[in-house]
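> Next come a sequence and a model predicted from it.
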Amino acid sequence: MRRALGLILLALGVFAVAGAVLLPTYVYPKLTKVPLDQDSTSVLEGTASKVLAVTDKGTGPVTEIRENRKLTATGHVQANFARPEMHEGTDYAVWLLAVQVKDDEDGTVLTASKRQVCFDRHTAEGYDPRGDADPKCTKESSYVTQLKDKADKDGEKPPEQNIYKAQPGLNFKFPFGTEQKDYQVYDDNTGTAVTARYTGTEEVNGIETYKFVQNIPDTKLETKSVPGSLVGVADSSVDADLYYRGVNTMWVEPVTGVEVKQQQQQHQELRPTTGNPTVVFDGTLAYNGKTIAQMVDQIDENKGKLEFLSSTGPLWLGIGGGVLILVAIYLLVRRRPAAPPAPPRRRQRVPVGADR
């Protein structure tokens, strides 16, 4: 009975130790992927001391610089299942991000942008082929939508065109198991990966986060043809360089890699060849309370599962398995106590003459 129990405990112990090894090394990497069926909305709110608005009241586009406005930016992320990368078991996802910024006072759409990116579901890094012989994502799966330089007809808005390009760096989130180190994060405005430096820990809505700050230096984005009145020039239109600088701050829950909070400080100005620079945007936007609460709910739903796979599960399985193996060895090698010696048998004495 003791030997049978020892063998059972030994098998259970070995199984538990094997589980402690397999959970973080095999199961965890298999399950730490962003979902394919993404469909989410985030909202940033804030103010701008100056912002460029283009309106059309039937007489053609009119540009103006508005001051001290409250703004709302709405970002919608949706999976694109039409792309060939989006299949069962894939390590890459294709998501489309559409962002629209409005003036709260009258609902005027100030800016609108779209971009689609094929990225690694484990690391959140945008795929960059860099001459790969067997690329993981097709060229058409990553693009940025821009307006053409000119409209097809006078008075109309220029049509959109997709510029197919890789978008390297982190996209949409940080990696699972975010570390206290610097990361390269894709910046929408410059279209490049910019270093986000780790600056410490901070609590947001009861969640301990890692804080990352991305400083974008003064950068020329493009040369545009703008109305001369916008930059203080008498000419009807002039060429001006659009410059941008900013500070993006991200508060990241490290286990899930979810950005609990995000803040964007941006400054853009037009610099003509002649004339004075004109500020076309200067403001700060950040996640509103509802969006932060959604991120916290997402973390609460997934953090415990990930911690079990990567740390708490292996720890308890390892300890429990070790204890079971020690008990099993004790039962198997311990000798049974020797049986006590049998009492000496007493010989019966037969009386003399008893057999006569």
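Perfect, thanks for sending it. Numbering: from 1, shown residues only.
> hey, which strand is longest across this structure?
strand 207-227 (DSSP state E).
> out of everything not next to it in sequence, what's closest to G283?
Using C-beta to C-beta, 6 or more residues apart in numbering and skipping residues adjacent in sequence, the residue nearest G283 is A48, 2.9 Å away. Yep, even glycine has a C-beta here, placed from its N, CA and C like the rest.
> I65 is in contact with that neighbour, correct?
No - A48 lies out of contact with I65 (C-beta atoms under 8 Å); the separation is 10.3 Å.
> residue contacts, the residue nearest to G283?
Applying C-beta atoms under 8 Å, 6 or more residues apart in numbering, we find A48 in contact with 66, 68-69, 71, 281-284.
> buried set for whichever strand or helix holds it?
A48 is located in strand 39-56, with elements delineated by DSSP states H and E. Buried residues in strand 39-56, defined by neighbour count with 16 or more other C-beta atoms under 10 Å: 42-46, 48, 50-53.
> pLDDT on that strand, on average?
For strand 39-56, mean pLDDT rounds to 94.
> same question, stretch 101-119
94.
> From the opening residue of it to its closing one, how far?
25 Å (C-alpha to C-alpha, to the nearest Å).
> Count the residues that sit near N189.
Look at N189: counted by other C-beta atoms under 10 Å, it has 18 neighbours.
> Which residue is the nearest non-sequential neighbour of it?
In space, N189 is closest to Y244, 5.1 Å off (C-beta to C-beta, 6+ apart).
> where's the one you found, which helix or strand?
Going by DSSP H and E, Y244 is part of strand 237-252.
> Quick check: which helices or strands does that strand pack against?
strand 183-187, strand 192-204, strand 207-227, strand 259-272 (3 or more C-beta pairs under 8 Å, 6 or more residues apart in numbering; DSSP states H and E).
> now the first one: how far from the chain's centre is it?
The offset between the C-alpha centroid of strand 183-187 and the centroid of the whole chain comes to 11 Å, using C-alpha atoms, centre = their mean, to the nearest Å.
> same check, this time on stretch 48-59
On C-alpha atoms, centre = their mean, the centre of stretch 48-59 falls 34 Å from that of its chain.
> Partner strands of the strand holding A48 and their direction?
Take DSSP bridges as the rule and strand 39-56 pairs in its sheet with strand 61-79 (antiparallel), strand 278-287 (antiparallel).
> Pick the most buried one from those strands.
strand 278-287 (a mean of 19; mean count of other C-beta atoms under 10 Å).
> Give me the residues contacting it.
In contact with strand 278-287 (C-beta under 8 Å, 6+ apart) are residues 42-52, 65, 71, 73, 230-232, 240, 242, 261-270, 295.
> tell me which residues in the following helix or strand past it are buried?
Next helix or strand after strand 278-287 toward the C-terminus (DSSP H and E): helix 289-307. Across helix 289-307, burial judged by 16+ other C-beta under 10 Å covers 291-292, 294-296, 299, 302-303, 306.
> okay if I get the residues you listed as TSV plus pLDDT?
Shown next, in TSV, are those (pLDDT from 0 to 100):
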residue	pLDDT
T291	97
I292	97
Q294	95
M295	96
V296	96
I299	94
N302	87
K303	84
L306	71
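> of all the residues you listed, which comes closest to D132?
The nearest member of the buried residues of helix 289-307 to D132, counting by C-beta to C-beta, is L306 at 29.9 Å.
> Now the closest one: closest residue in space that isn't a chain neighbour?
In this structure, L306 finds its nearest non-sequential neighbour in V255, 5.2 Å apart by C-beta to C-beta, 6+ apart.
> now Q38
Excluding its sequence neighbours, the residue lying closest to Q38 (C-beta to C-beta, 6+ apart) is A79, at 4.6 Å.
> Just confirm the one you found contacts E85, I think it does.
No - look at A79 against E85 with C-beta under 8 Å: they stay out of range, at 10.6 Å.
> and for the two, which residues touch both?
Residues touching both A79 and E85 (C-beta under 8 Å, 6+ apart) are 93-94.
> Could you measure from P61 over to G107?
Per C-beta to C-beta, to the nearest Å, P61 is found 17 Å from G107.
> For the strands paired with strand 39-56, please prepare a markdown table with the additional fields distance to S142 and mean pLDDT.
What follows is those, written out as a markdown table (distance: least, C-beta to C-beta, whole Å; pLDDT from 0 to 100):
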| stretch | distance to S142 | mean pLDDT |
| --- | --- | --- |
| strand 61-79 | 14 | 93 |
| strand 278-287 | 25 | 96 |
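> Can you say which of the ones you listed is nearest to S225?
With C-beta to C-beta as the yardstick, what comes closest out of the strands paired with strand 39-56 is strand 61-79 (12.0 Å).
> Return the backbone torsion pair for M86.
The phi/psi pair for M86 (degrees, to the nearest 10) reads phi -90, psi 90.
> hmm, back to that, make sure the residue nearest to L306 is indeed in a helix.
No - under DSSP: H, G, I helix; E, B strand; the rest coil, V255 sits outside any helix and is assigned coil.
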